[in-house]
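Visitor: Structure of the sequence below:
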Amino acid sequence: MSHWLAKIGDLGPVILAFTNIGLLWNNPRVRILWTYLFFTVINYAVNVLLKEYIQQLRPSLTKKRLKQKNNIYGMPSEHTQNVVFSTVFNYLVYRDIPMTIGFLVISLITMIQRVAYNRHTVWQVIVGSFVGATLGYIAYLSLRQSIMYVK
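Guide: So this is what the prediction gives:
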């Protein structure tokens, strides 16, 4: 994987989060931005809780990192969960196919980078995708529910 693709993969969650925030910032329906931000925090919290509960180690751990006890669990992949969450939410809000393809490309680069650089197993990436997609859909449903009942 080339250096710039690896960087895109490493920064994928930040790229997509700031892209979504930028798109939603000037949206007159400010509730969409607040829903995205609220569920971004929920998404992160769910990832932390799942990692602590499952406690599946990353594939690239060394004895030194195990002793440090910092960021040693890899199930589910946080990067993957974040990019898929942002992609699903963005698609459901905008239904813009070219924009969704751009989000999907960055998501796929991120997923491939996580496995290629031995930061996660394929299974950790698959589970991260599932959790991120589920939370992105739940965030959208929550948004739809709140918009429908606002008078």
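Visitor: Now do stretch 96-110: everything it contacts.
Guide: 5, 8-10, 12-13, 15-16, 19, 79-80, 83-84, 86-87, 90-91, 94 (Cβ atoms under 8 Å, 6 or more residues apart in numbering). From N, CA and C alone the C-beta is placed, and that goes for glycine too.
Visitor: Drop anything exposed from those residues.
Guide: For these, a burial check counting by 16 or more other Cβ atoms under 10 Å picks out 8-10, 12-13, 15-16, 19, 79-80, 83-84, 86-87, 90-91, 94.
Visitor: Among those, which lie within helices?
Guide: Judged by DSSP state H, the subset of the buried ones among the contacts of stretch 96-110 located in helices is 8-10, 12-13, 15-16, 19, 79-80, 83-84, 86-87, 90-91, 94.
Visitor: which other helices and strands contact the longest helix belonging to the chain?
Guide: As assigned by DSSP H, the longest helix anywhere in the chain is helix 122-148. Counting contacts by 3 or more Cβ pairs under 8 Å, 6 or more residues apart in numbering; DSSP states H and E, helix 122-148 packs against helix 30-54, helix 78-94, helix 97-116.
Visitor: Quick check: buried residues in the first one?
Guide: Neighbour-count burial for helix 30-54 flags 32-33, 35-36, 39-40, 43-44, 46-47, 50-51 (criterion: 16+ other Cβ under 10 Å).
Visitor: can you put the residues you listed in a markdown table and add pLDDT?
Guide: A markdown table is the format used below for these (pLDDT from 0 to 100):
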| residue | pLDDT |
| --- | --- |
| 32 | 91 |
| 33 | 91 |
| 35 | 93 |
| 36 | 95 |
| 39 | 97 |
| 40 | 97 |
| 43 | 97 |
| 44 | 95 |
| 46 | 96 |
| 47 | 95 |
| 50 | 94 |
| 51 | 93 |
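Visitor: Any chance of a markdown table for those residues, columns distance to residue 58?
Guide: Converted to a markdown table, the buried residues of helix 30-54 look like this (distance: Cβ to Cβ, whole Å):
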| residue | distance to residue 58 |
| --- | --- |
| 32 | 34 |
| 33 | 33 |
| 35 | 31 |
| 36 | 28 |
| 39 | 26 |
| 40 | 23 |
| 43 | 20 |
| 44 | 18 |
| 46 | 18 |
| 47 | 14 |
| 50 | 14 |
| 51 | 10 |
